[in-house]
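Enquirer: Generate coordinates for the sequence data below:
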Amino acid sequence: MASESVTKEYTSRENFWAQSGHGGDEFTYRLKKMMILEAVNKSGKLLDIGSANGYLVNCLTNWMKHSGLNLDFFGLEISRELTELSKKNFPHLEDHFFNGNVLDWKPQEKYDFIFTMIL
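Expert: Predicted coordinates for the structure are as follows:
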């Protein structure tokens, strides 16, 4: 299964941004991912589909703390192992990570923004 090979690849990497699927350094990761916030123009909830190890959800939460907007970030990941890794890495966001396939996942709430890098 494709998710198993992705899980193995991501969990073999040494740092949070690499485990989230980024191949560059932390500065480049931040530069690229902060562009997501350019589309966020109001308070609400953002769902990251394919959230891997949860690093992006954690970063977005931290980056937006003093923005003046009330934002909550959530992650949906098909790999159970990566979902559990997200919860372990970021226990303060444990209830923000969900395991499931976006094709048949039934969210319990509505999201104002959706982000994905899944191709």
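Enquirer: got the contact list for the spatially most central residue of the chain?
Expert: Nearest to the geometric centre of the chain sits residue 51, at 3.4 Å (Cα atoms, centre = their mean). Counting by Cβ atoms under 8 Å, 6 or more residues apart in numbering, residue 51 makes contact with 20, 57, 75, 76, 77, 82, 86, 97. The C-beta positions use only the backbone N, C-alpha and C, and glycine is treated the same way.
Enquirer: and which of the residues you listed is nearest residue 8?
Expert: Among those, residue 82 lies closest to residue 8 (Cβ to Cβ), at 10.4 Å.
Enquirer: what's the neighbour count on the closest one?
Expert: By the criterion of other Cβ atoms under 10 Å, residue 82 has 25 neighbours.
Enquirer: Low-confidence stretches in the chain?
Expert: Across the chain, the ranges flagged by pLDDT under 70 are 1-2, 119.
Enquirer: Strands along that one, start to end?
Expert: Along the chain, counting by DSSP state E, strands occupy 44-49, 71-77, 97-99, 113-116.
Enquirer: what's the most buried one of these?
Expert: strand 71-77 (a mean of 24; mean count of other Cβ atoms under 10 Å).
Enquirer: That strand relative to strand 44-49, how many degrees between them?
Expert: 20 degrees (axes from the mean of the first three to the mean of the last three Cα atoms, to 10 degrees).
Enquirer: which other helices and strands contact strand 71-77?
Expert: Other elements packing on strand 71-77 under the criterion 3 or more Cβ pairs under 8 Å, 6 or more residues apart in numbering; DSSP states H and E are strand 44-49, helix 55-63, helix 80-89, strand 97-99.
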